[in-house]
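Engineer: build the 3D model from these lines:
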Amino acid sequence: MLKIHNVQVSVEGKHILNGVDIEIKPGEIHAIMGPNGSGKSTLAYTLAGHPKYHVDGGEIGLDGINILDQSPDLRARSGLFLAFQYPVEIAGVSVQNFLRVAYEAKFGKLKSIIEFRKHLQELAEELHVKKELVERSLNDGFSGGEKKRVEILQMAALQPKYAVLDETDSGLDVDAIKTIAEGVRAIVKKHKTGVIVITHYQRILKYLKPDKVHVMVKGKIIKSGGKSFAQELEKSGYAAYV
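Structural biologist: Predicted coordinates for the structure are as follows:
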């Protein structure tokens, strides 16, 4: 499992996370909700190993191994995946070449590049990613929905053990949210991927159907519940918890 135990994090001397505890088992989907500035994205970047975020205490165990001393690339090879809130554009590097290099870094040298590209196109069709996007430069000139779909394509190709989706629904219409949620659920079902989805809204959770929903306030998980808890939060807001 992915076990986050008493994690405390500061940024430039300011404490952001104040003892976060979550356990995600293979195949589980957990949603983290909360007001702006509560530390949700800080948790995502801490998991990925961003050097800006200093871990003051606690442990992050991935299948029993504390990954806090690992570099971001080692964490990725170990099976951790981060979908960014604002995916980076990389002109001159096609999506298929980017994924080929990432795939080989994780799984080893490919036997056939042609077979890999065929496999990528099949995944793209399943996830409703246009064929031409796979051949274009990574996120270069993509719409918001196209960027998010391509990130889910990356997730499908790299088969992570655990994925962190940082506000993947941000700026998307209902149809795009539904498509992305269905893609995530298909990956979870196929590979038993554990997922943390960070969001402000219940709408993506309607399609993702999380196993657990957590409320984060001031850098701590202060309450957890089932699927219906997200609907309660949508109606009542966070005032009672703040």
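
Engineer: who does the helix or strand hosting Gly183 touch, helix- and strand-wise?
Structural biologist: Taking DSSP states H and E as the criterion, Gly183 maps to helix 174-191. Counting contacts by 3 or more CB pairs under 8 Å, 6 or more residues apart in numbering; DSSP states H and E, helix 174-191 packs against strand 29-33, helix 144-158, strand 162-166, strand 194-198, helix 203-208. Placement of C-beta: from N, CA and C, glycine included.

Engineer: all strands of this structure, in order?
Structural biologist: 2-11, 14-24, 29-33, 54-62, 65-66, 80-83, 90-94, 137-138, 162-166, 194-198, 212-217, 220-225 (DSSP state E).

Engineer: closest one to Lys118 among those strands?
Structural biologist: strand 90-94 (15.4 Å; CB to CB).

Engineer: list the buried residues in that closest one.
Structural biologist: By neighbour count, with 16 or more other CB atoms under 10 Å as the criterion, the buried positions of strand 90-94 are Ser94.

Engineer: how near is Ile65 to Gly194?
Structural biologist: The gap separating Ile65 from Gly194 is 15 Å, by CB to CB, to the nearest Å.

Engineer: typo on my end, Lys14
Structural biologist: Separation of Lys14 from Gly194 (CB to CB): 30 Å.

Engineer: before we move on, the earlier item: settle it for me: which of Ile65 and Gly194 has more neighbours?
Structural biologist: Of the pair Ile65 and Gly194, Gly194 is the one with more neighbours under other CB atoms under 10 Å, namely 24 against 10.

Engineer: which residues pair with that one across the strands?
Structural biologist: Beta bridges link Gly194 to Tyr162 when assigned by DSSP bridges.

Engineer: one more: the one 4 residues further on?
Structural biologist: When bridges are assigned using DSSP bridges, the partners listed for Ile198 are Ile32, Asp166.

Engineer: out of the helices and strands in this structure, which is least certain?
Structural biologist: Sorted by mean pLDDT, DSSP states H and E, the helices and strands of the chain end with helix 227-236, the least confident at a mean of 80.

Engineer: next one: it to chain centre, how far?
Structural biologist: Centre-to-centre, helix 227-236 and its host chain are 22 Å apart (CA atoms, centre = their mean, to the nearest Å).

Engineer: that helix to strand 212-217, inter-axis angle?
Structural biologist: Note on geometry: by axes from the mean of the first three to the mean of the last three CA atoms, to 10 degrees, helix 227-236 and strand 212-217 are set 40 degrees apart in direction.
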